[in-house]
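Chemist: Fold the following for me, if possible:
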Amino acid sequence: MYRLLTGFGERSIVVAALVLIVAALVLISMLFGITRGKYHYKVRKETLYFSDLPADFDGFTITQLSDIHAGSLGSKRAVQQGITLANQQRSDLLLFTGDLVNHTAAEMEPWKDVFSQLKAPYGKYAILGNHDYGDYMQWESHAAKAFNLHQLEQVHAEMGFSLLRNKAVQLVKDNARITLIGVENWGKGGFQRYGDLQKATENIADDSFRILMSHDPSHWEEQVLPYRSPVQLTLSGHTHGMQFGIDLGFFKWSPIQYFYKEWAGLYQRHGKYLYVNRGFGFHGLQGRIGIWPEITVLTLKRSES
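Modeler: Now for the predicted structure:
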C-alpha cells in the first residue's frame, strides 16, 4: 500500500490520508447518531431581554420540550435520563410545543409514567403538532379518528399538561400577569392550518405581555410578526433540525434550512423573538447525526429600555 501511494507522489499521499480521515469521521458520526446520538440530550440556554416584561417576572424561567414522537422511542432508561435532566433545570414553567406521537394516542401508553414526572411550579402546558391529529394514517371512520384525538387529549391530562387549542391562559406571579397562548398547528407547504391566532387572542388585553406556542416556525413570519397585537416570544419545534447537520454554536448547517428560514435556535426580528427547539425525540431517520435532541431553558429578563 505504501509503495502504491508513493507512486502518486507526496501530495497524493496527503490527500489520500485526508480523505480516509474524513471518511472515518463520517462513519463514526453515523454510527454514534443511530445508536446513542438520538438520546444524546443537550440543554440549550438563552437569556431574553424585554422592555415590556412585567417586573415581577424578571428572571422567570421556561423549559421547552418539543417533538417527542413517542412511537419512535425505544430506550426507557435513556428517555428517563432526558426527563431527569429537564427537571434538574428547575424552571418556573414547562411548555411542550407539539408532536407527542407519530400517529396514535396509544403510542404514549408505555411512556406516560416517565413524562408525568416533569414538574414546574407555574404549570405544564402543551399544544398539538401536525402528527398529533392522526392525519397521516388511514382510519376506518371519521369517528375512529376523532376518538383517537380525544384519547390524546386525555393522555395530556393524565400527564398533568393543560392542552391549549387556540386558547390563552393568564400566568400570575405576585402582582403581575403575562399571557400564554397556544394555537393548533399552522404550517406551510401542505401542512394543516388549524391554528387560529385571532380566536386564541380575542379576550386578551392589547398591552398584555404574550408568549405564543405554535408548533411550526413558519407561522411566525407568515402570521405572528404582522399580527395586529405584538407577540413578544414565540416557541416552536417541528423541524428537528432534520436530525442531520452541523451544529457548533458559532456555525450551524442542515439541509432543512433550504425549506425553513428559521429551523433551530433563537431568532429575533423587530424586538420579537422566536425560539425553534430541535426536538426531544426523532422520526423518520432513526437517529440524530450532529443535531442532538434538545431541552431548552429560556430566562426572561426585564431591560431598562
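
Chemist: Can you give me the neighbour number for the closest residue to L152 other than its chain neighbours?
Modeler: Nearest non-adjacent residue to L152, counting by CB to CB, 6 or more residues apart in numbering: A105, 4.1 Å away. Heads up, the C-betas are built off the backbone N, CA and C, glycines and all. A105 has 21 neighbours, counted by other CB atoms under 10 Å.

Chemist: How about the contacts made by A105?
Modeler: N148, L149, Q151, L152, Q154, V155 (CB atoms under 8 Å, 6 or more residues apart in numbering).

Chemist: Excluding sequence neighbours, find me the nearest residue to the third one.
Modeler: To tie it back to what came earlier, the one meant is Q151. Spatial nearest neighbour of Q151, chain neighbours left out: A105 (3.8 Å); criterion: CB to CB, 6+ apart.

Chemist: any idea how far that neighbour lies from S162?
Modeler: As for A105, its distance to S162 is 17 Å (criterion: CB to CB, to the nearest Å).

Chemist: Quick check: which ranges of the stretch 201-305 of the chain have low pLDDT?
Modeler: The stretch 201-305 of the chain contains residues with pLDDT under 70 at 305.

Chemist: got a pLDDT number for the residue nearest to Q151?
Modeler: You'll see A105 listed with a pLDDT of 98.

Chemist: just the one 4 residues further on next, same as before
Modeler: Per-residue confidence at E109 stands at 97 (pLDDT).

Chemist: Likewise for S12?
Modeler: So S12 comes in at 73 (pLDDT).

Chemist: That one: helix or strand, and which one exactly?
Modeler: Assigned by DSSP states H and E, S12 belongs to helix 10-35.

Chemist: Need the residues that contact the very next helix or strand once past that helix.
Modeler: Per DSSP H and E, the first helix or strand lying C-terminal to helix 10-35 is strand 42-50. Outside strand 42-50, the residues that touch it by CB under 8 Å, 6+ apart are 85, 89, 209, 232-233, 265-266, 273, 275, 278, 292-303.

Chemist: got the contact list for the closest residue to S218 other than its chain neighbours?
Modeler: Excluding the flanking residues, the one nearest S218 by CB to CB, 6+ apart is K188, at 4.5 Å. Applying CB under 8 Å, 6+ apart to K188 gives the contacts D216, S218, E222.

Chemist: one step back: and the contacts of strand 42-50, which of them are in helices?
Modeler: Among the contacts of strand 42-50, the ones falling in helices (DSSP state H) are L85.

Chemist: Would you map out the domains in this protein?
Modeler: The record's domain parsing of the chain by automatic domain parsing lists 1-35, 39-302.

Chemist: Most tightly packed of the ones you listed?
Modeler: Of all the domains of the chain, domain 39-302 carries the top mean neighbour count, a mean of 18, counting by mean count of other CB atoms under 10 Å.

Chemist: Give me the distance from it to the chain's centre.
Modeler: 5 Å (CA atoms, centre = their mean, to the nearest Å).

Chemist: And for stretch 286-303?
Modeler: 8 Å.

Chemist: can you pull out the helices in the stretch 151-300 of the chain?
Modeler: 197-200, 218-219 (DSSP state H, counting those that start in this stretch).

Chemist: List of residues touching the longest one?
Modeler: The one in question is helix 197-200. Under CB under 8 Å, 6+ apart, the answer for helix 197-200 is L164, N166, K167, A168, I181, G182, V183, W186, L212, Q223, V224, Y227.

Chemist: What values do phi and psi take at the residue nearest to L152?
Modeler: The phi/psi pair for A105 (degrees, to the nearest 10) reads phi -60, psi -30.

Chemist: Distance check, it against L128.
Modeler: 12 Å.

Chemist: do L298 as well
Modeler: In this view, L298 and L128 are 21 Å apart by CB to CB.

Chemist: same check, this time on F259
Modeler: 21 Å.

Chemist: That's all I had, so thanks and see you.
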